[in-house]
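**Q** Build the 3D model from these lines:
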Amino acid sequence: MTLERTYATWSPPPGFVAMPSQVAGIEVYAPAPEEPAGPESKTFRCPRCAGVISYDAGDQELVCPYCGYKQPVGARVVGLSADRFEFTLETLGESERGWGIARQSIQCASCSAVFTSSEGELSTTCPFCGSNRVSTQAALHDFIRPGYLIPFSVERETCRTSVRDWLGRGWMHPPELRQVGAVTEFTGIYVPFWIFDADVDAHWRAEVGYEHTERHYRDGKWETHTEIRWRWENGDVHLPQRNLVVSGSSKLKSDLVERLYPYDLTRLTSYDSAYLAGWHAQAYDIPLKPAWEVGKRRMRERAKDACYASIPSSHVRNFSMAADLNQERWRYVLLPVYTASYTFQGEIYRVLVNGQTGAIAGQKPVSWQRVWLAIAAALAPGVLAGLVGLLTMPLGGLGAIVLPVAFVLFLVGLIASIYIFIRAREADQR
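**A** Numbers count the residues shown, from 1 in each chain. Take a look at the predicted model:
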């Protein structure tokens, strides 16, 4: 009995793994083979049982799924003090390359997306379109290595609960969505992003109109006359732009990705390949230069808004602006995103979840029957009041009182109907 109890609780010494045995019923253990040297051959093995360990979003540590061993990640949180790099050839040439860990590249046969996963992962689905028609190959390492990342901190089960609640919210969506439980497995993927800083110096010139009011006494009464007097003006605006986030992935819809913002960049952590253990990751397919063009355009739009805000009048015409960007800097980071999909009435809808904050950005069908009923309900009071006014006109002054009220009610209902329709169209396009 003592031998049986000892055998049941026995485990191999650290660093030993099971080896093939030529005798049935006999287990053989030997020292685990050494990993090949090289920065791209690094893998993560449990020191107790030699099983593959992965990063756990809940514990925020490396965890072995076989024996429960936990190991903290040594990277430190640097936040907004993370180094920024200039747009110089020297900077790009000196940047480290690859993931710094053994990865396998996966290409989706449906949407052509390319992403990576931990070596040895035998089956997966595409995090961008949900297809399982994928093929694996050796991962390339000729891209700039991320300098920082934000680790996953939201667990998959939390995503399931949040998305289930989210599907049930919103009166303009079909109530049957509350019963949709077939949201496919949430796939966690580190998505590439560029973060830009710059100082924008903008000079504007425009005709600015000022209202001028005059009072005249005419025919025994005072009259007020207002006119707009225009004059040319100009001004300067200095606008520091910090931490402008631009996606480095073309495989996720930009409107969905932007609805995941903001990320708490004060939690930026020095890149450590341990965070990628057990998770998907995508290298950028929008390189630095085209991403910077997007960033510059957004900065100039913000500078234009700042120029308009500095003008002391709402009457502006013939506006022009020249903007210069200085002290341009960039960071390349990975941010955590969960992707999932669900099927409703034969259509596939995509859902994204911010892996740091839990914010949801997804597509939901619109029940146009509900929308039209809401529009009809908004217009009904005005229409009914108008009919009552018309019917009571022959009876005397009642109709004259009701008709103006009916007109106001109809106007309010019309504005509400336009708002409802625009919101429904926006939701339907998502």
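**Q** mean confidence for the helix or strand where A416 lies?
**A** Using DSSP states H and E, A416 falls within helix 397-429. The average pLDDT within helix 397-429 is 83.
**Q** name the helices or strands packed onto it?
**A** For helix 397-429, the packing partners by 3 or more Cβ pairs under 8 Å, 6 or more residues apart in numbering; DSSP states H and E come out as helix 368-392. (Glycine included, C-beta is placed from N, CA and C.)
**Q** Compute the inter-axis angle for the helix it packs on and helix 397-429.
**A** On the basis of axes from the mean of the first three to the mean of the last three Cα atoms, to 10 degrees, helix 368-392 is oriented at 170 degrees to helix 397-429.
**Q** same for helix 368-392, what does it pack against?
**A** Contacts defined by 3+ Cβ pairs under 8 Å, 6+ apart place helix 368-392 against helix 397-429.
**Q** List the buried residues for the helix it packs on?
**A** Buried residues in helix 397-429, counting neighbours by 16 or more other Cβ atoms under 10 Å, are found at G399, V402, L403, A406, L409, F410, G413, S417, I420, A424, A427.
**Q** Out of the residues you listed, the closest to L260 would be?
**A** The closest of the buried residues of helix 397-429 to L260 turns out to be A427 (Cβ to Cβ; 17.2 Å).
**Q** for the closest one, what are its contacts?
**A** Contacts for A427 were tallied using Cβ atoms under 8 Å, 6 or more residues apart in numbering; they are G170, M172, H173, K364, V366.
**Q** Closest one to S117 out of these, please.
**A** Each of the contacts of A427 was checked against S117 using Cβ to Cβ; the closest is K364, at 29.2 Å.
**Q** which residue packs closest to G130, ignoring adjacent ones?
**A** Counting by Cβ to Cβ, 6 or more residues apart in numbering, G130 lies nearest to S341, which is 4.3 Å off, once chain neighbours are set aside.
**Q** A helix includes the one you found, no?
**A** No. S341 is assigned strand when assessed by DSSP: H, G, I helix; E, B strand; the rest coil, not a helix.
**Q** Quick check: chain neighbours aside, which residue is closest to S320?
**A** Closest to S320 by Cβ to Cβ, 6+ apart is R205, at 5.4 Å.
**Q** Can you pull out the low-pLDDT segments for the stretch 251-400 of the chain?
**A** Along the stretch 251-400 of the chain, the parts satisfying pLDDT under 70 run over 395-399.
**Q** all strands for it, in order.
**A** 269-270, 280-281, 315-344, 347-354, 360-362 (DSSP state E, counting those that start in this stretch).
**Q** could those go into CSV alongside distance to H216 and mean neighbour count?
**A** Below are these laid out as CSV (distance: least, Cβ to Cβ, whole Å; neighbours: other Cβ atoms under 10 Å):
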stretch, distance to H216, mean neighbour count
strand 269-270, 71, 18
strand 280-281, 74, 24
strand 315-344, 23, 18
strand 347-354, 62, 19
strand 360-362, 58, 20
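**Q** Nearest approach to W166 belongs to which of the ones you listed?
**A** Comparing these under Cβ to Cβ, the one sitting nearest is strand 360-362, at 5.0 Å.
**Q** Which residue, other than its chain neighbours, is closest to L177?
**A** Looking at L177 with Cβ to Cβ, 6+ apart, the closest residue is L167, at 4.5 Å.
**Q** contacting residues around that neighbour?
**A** Applying Cβ under 8 Å, 6+ apart to L167 gives the contacts H173, L177, R178, V180, V183, Y342, K364.
**Q** now, which of those residues sits nearest I311?
**A** Out of the contacts of L167, the member with the shortest distance to I311 (by Cβ to Cβ) is K364, at 40.3 Å.
**Q** Now for that closest one, how many residues are close by?
**A** 21 (other Cβ atoms under 10 Å).
**Q** And Q363, by the same measure?
**A** For Q363, the count of nearby residues is 19 (other Cβ under 10 Å).
**Q** wait, doesn't it sit right on R350?
**A** Yes. Between Q363 and R350 there is a contact under Cβ atoms under 8 Å: 5.5 Å.
**Q** According to the record, where do the domains of the chain fall?
**A** 79-195+240-282+331-362, 197-238+294-327, 368-429 (automatic domain parsing).
**Q** Could you export the ones you listed as TSV, including distance to L62?
**A** Output for those, formatted as TSV (distance: least, Cβ to Cβ, whole Å):
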stretch	distance to L62
domain 79-195+240-282+331-362	6
domain 197-238+294-327	33
domain 368-429	41
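**Q** Among these, show me which one is buried the most.
**A** domain 79-195+240-282+331-362 (a mean of 18; mean count of other Cβ atoms under 10 Å).
**Q** Can you check the distance spanned by it, start to finish?
**A** Taking Cα to Cα, to the nearest Å, the first and last residues of domain 79-195+240-282+331-362 lie 28 Å apart.
**Q** Can you report the mean pLDDT over the residues of the single longest strand found in the chain?
**A** Ranked by number of residues, the top strand in the chain under DSSP state E is strand 187-218. Mean pLDDT, strand 187-218: 92.
**Q** Are there helices or strands packed against whichever helix or strand comes after it, and which ones?
**A** Scanning forward in sequence from strand 187-218 by DSSP H and E, the next helix or strand is strand 221-247. Using 3+ Cβ pairs under 8 Å, 6+ apart, the elements in contact with strand 221-247 are strand 187-218, helix 288-310, strand 315-344.
**Q** Tell me which of the ones you listed sits nearest to G100.
**A** strand 315-344 (12.2 Å).
**Q** got a list of what G51 touches?
**A** The neighbourhood of G51, defined by Cβ under 8 Å, 6+ apart, consists of R45, C64, P65, Y66, C67.
**Q** Just the buried ones out of those, please.
**A** Using 16+ other Cβ under 10 Å as the burial test, the contacts of G51 include C64 as buried.
**Q** Widest-spaced pair of the contacts of G51?
**A** Spanning the widest gap among those are R45 and P65, at 12.6 Å by Cβ to Cβ.
**Q** As a markdown table, the buried residues of helix 397-429 with distance to F143 would be great.
**A** Output for these, formatted as a markdown table (distance: Cβ to Cβ, whole Å):
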| residue | distance to F143 |
| --- | --- |
| G399 | 76 |
| V402 | 71 |
| L403 | 70 |
| A406 | 66 |
| L409 | 61 |
| F410 | 60 |
| G413 | 56 |
| S417 | 51 |
| I420 | 46 |
| A424 | 42 |
| A427 | 37 |
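**Q** Quickly check the residues you listed for the two that are furthest apart.
**A** G399 and A427 (40.7 Å).
**Q** distance between the ends of stretch 305-321?
**A** Stretch 305-321 end-to-end distance (Cα to Cα) = 11 Å.
**Q** what does that stretch rub up against?
**A** The contact list for stretch 305-321 (Cβ under 8 Å, 6+ apart) reads 202-211, 228, 230, 233, 235, 237, 239, 300, 303-304.
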